[in-house]
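A.B. asks: A predicted structure for the sequence below; I have some questions about it.
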Amino acid sequence: MSALKDFKYKESEDGELPSLVTGSETNLNEILSNVKGDGGINLVNIEKVDRCNQQISAPSNDSIFMEKKIPVTIITGYLGSGKSTLLEKIVLKGSDMKIAVILNEFGDSSEIEKAMTIRNQESSTQEWLDLGNGCLCCSLKNVGVKAIEDMIARSPGKIDYILLETSGIADPAPIAKMFWQDDGLNSNVYIDGIVTVLDSEHILKCLDDISPETHWHGENVITKENLTIAHFQIAMADVIILNKFDKIENNEKLINEVNVKIGQINSTAKIHFTKYGELPLNYIIDLHSYDRVNFTNNEKLMARSTLHDPRMSSVMLTFRPFKNNDEFLRFEKKFLQVLLWKEFGVTTDTFNNNMKKEWEIQRTKGLIVINNENSKSKDEKIVKVIQGVRDTYDVLPGQSETSNCDECKIVFIGKYLDQEKIQDFLSTVIN
Ligand SMILES: Nc1nc2c(ncn2[C@@H]2O[C@H](COP(=O)(O)OP(=O)(O)OP(=O)(O)O)[C@@H](O)[C@H]2O)c(=O)[nH]1
Ligand SMILES: [Zn+2]
């Protein structure tokens, strides 16, 4: 029977106790060098300690961590739609802004190593990054984000924007969520928006053509009801580029059909037709799609009652401002979470049974106006923004692009959404 080891501390055997951390240290190394694992290796990785030391020692006003955050624009779109062509044009055209272009291509060599080619005008560096199974939307959470954060930390002040091309079969939602970190994580990047490039000649076929070998990955994308990854790439877009316009420019009927079909799936994204990715850079940067909301929806499309394609659609609700913050919190709990947290059992059976069983919300954008009950002038209002990607949502202090703040607006984009039923449900929460 082995004797129980006596774990009591004995200075003679266990050495001197390291002094307690007082918080006034100026160099973490002194403390951490005493903290050794078995075999004397450092328990904390050295780069992390160096970065912490820089943070502690740099005077707060110019600490490298105070540096501005770098916006990331995700460029997605189905295979061969023209993403790389768009990015080549941007890099070749050059601009006074320093843009890092990251191509998440599938390496020929092996499925485990992927090239992240970082390019800006002056030079291009090749960063090899192990993305797990080779796709940013499937890789371990944050592997891609961490690599990009490290790249920025290594070249402070050298990058103004990051344009990240996903592979043609990537589901943009998990990628958006990866970059959409709350400030607490002190990330030096943030998501500015999603730009989806479409091949205007083939997009209609692509939306109807359910190819069994379509590469399904990312979150639990349901294949049985023939949705394609192109649907999700369109639904998640803040800007849609209908590229290869040279192929359809003489076909009025097709142009209109493409416009209507895309608008049915996503009625809030701005749509631009392009040839070989020719587009002014400012159409795809500074979108602020995840910290602000501007509804540029095409009213005429929204007014249309019946949708020819019941699968992916947009639902837009407008309603009176909230009387006070409590009423807004009740809306959040009794309406928003019931809609978004279906997977977590928050959705009531009555509501569920009332909708088509595979209904699901992919994207939420909301402009919320609350009467400020604490203010002297009764018409002072508080504006908030709701940004949601599938079940994850955030309520941020907002500013509305439009000046009028006398109504709330919320848009849901997803599968089998029924405008009337959601509207009725809202009226049970806000009457
Ligand atoms: N006719 C025409 N061809 C285009 C246009 N834009 C791109 N192409 C061509 O379409 C093909 C695919 O373009 P890419 O830019 O590689 O497409 P991609 O989206 O990056 O492709 P993946 O990375 O495989 O998803 C290339 O041969 C381009 O030259 C366009 O506007 N019109
Ligand atoms: Zn993937």
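C.D. replies: In hand now; what should we look at? Fair warning: this is a prediction, and the values are worked out from it, not measured in the lab. Ligands and ions are numbered 1, 2, ... in the order given.

A.B. asks: Now do the strand or helix carrying Ile262, average pLDDT.
C.D. replies: Assigned by DSSP states H and E, Ile262 falls within helix 252-265. For helix 252-265, mean pLDDT is 90.

A.B. asks: Quick check: what element follows the helix or strand of the chain with the lowest mean pLDDT along the chain?
C.D. replies: Among the helical and strand segments of the chain, the one scoring lowest on mean pLDDT, DSSP states H and E is helix 299-303, with a mean of 36. Using DSSP H and E, the helix or strand that follows helix 299-303 in sequence is strand 312-319.

A.B. asks: For that following strand, what does the pLDDT average out to?
C.D. replies: For strand 312-319, mean pLDDT is 84.

A.B. asks: Check which residues of it are buried.
C.D. replies: Neighbour-count burial for strand 312-319, with 16 or more other CB atoms under 10 Å as criterion, is recorded at Met312, Ser313, Ser314, Val315, Met316, Leu317, Phe319. The way it works is simple: take the backbone N, C-alpha and C, and place the C-beta from them, glycine included.

A.B. asks: Adding distance to Asp14, write the residues you listed out as TSV.
C.D. replies: Formatted as TSV, the buried residues of strand 312-319 follow (distance: CB to CB, whole Å):
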residue	distance to Asp14
Met312	64
Ser313	67
Ser314	65
Val315	65
Met316	67
Leu317	65
Phe319	66
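
A.B. asks: Between the residues you listed, which sits nearest Thr85?
C.D. replies: Of all the buried residues of strand 312-319, Thr85 sits closest to Met312, with 26.1 Å by CB to CB.

A.B. asks: what packs against the helix holding Ile262?
C.D. replies: Contacts defined by 3 or more CB pairs under 8 Å, 6 or more residues apart in numbering; DSSP states H and E place helix 252-265 against helix 203-208, helix 229-235, strand 239-243, strand 270-273, helix 299-303, strand 312-319.

A.B. asks: go with 6 Å
C.D. replies: Helix 252-265 sits against no helix or strand, with contacts defined as 3 or more CB pairs under 6 Å, 6 or more residues apart in numbering; DSSP states H and E.

A.B. asks: Is it in proximity to ligand 1?
C.D. replies: No. Helix 252-265 stays clear of ligand 1 (CB under 6 Å from any ligand atom), getting no nearer than 13.9 Å.

A.B. asks: Now do that helix against strand 239-243, angle only.
C.D. replies: Relative orientation of helix 252-265 and strand 239-243, computed by axes from the mean of the first three to the mean of the last three CA atoms, to 10 degrees: 160 degrees.

A.B. asks: Give me the angle between helix 252-265 and strand 312-319.
C.D. replies: Counting by the same axes, to 10 degrees, helix 252-265 points 60 degrees away from the direction of strand 312-319.

A.B. asks: low-scoring pLDDT stretches of the stretch 101-250 of the chain, where are they?
C.D. replies: Low-confidence segments of the stretch 101-250 of the chain (pLDDT under 70): 103-144, 168-169, 181-186, 209-227.

A.B. asks: Going along the chain, name the helices of it.
C.D. replies: 143-154, 172-179, 203-208, 229-235 (DSSP state H, counting those that start in this stretch).

A.B. asks: Could you work out which of the ones you listed reaches nearest to ligand 2?
C.D. replies: Among the helices of the stretch 101-250 of the chain, the nearest to ligand 2 by CB to the ion is helix 172-179 (7.9 Å).

A.B. asks: ok, and does that closest one reach over to ligand 2?
C.D. replies: No. Against ligand 2, helix 172-179 shows no contacts by CB under 5 Å from the ion, the least distance being 7.9 Å.
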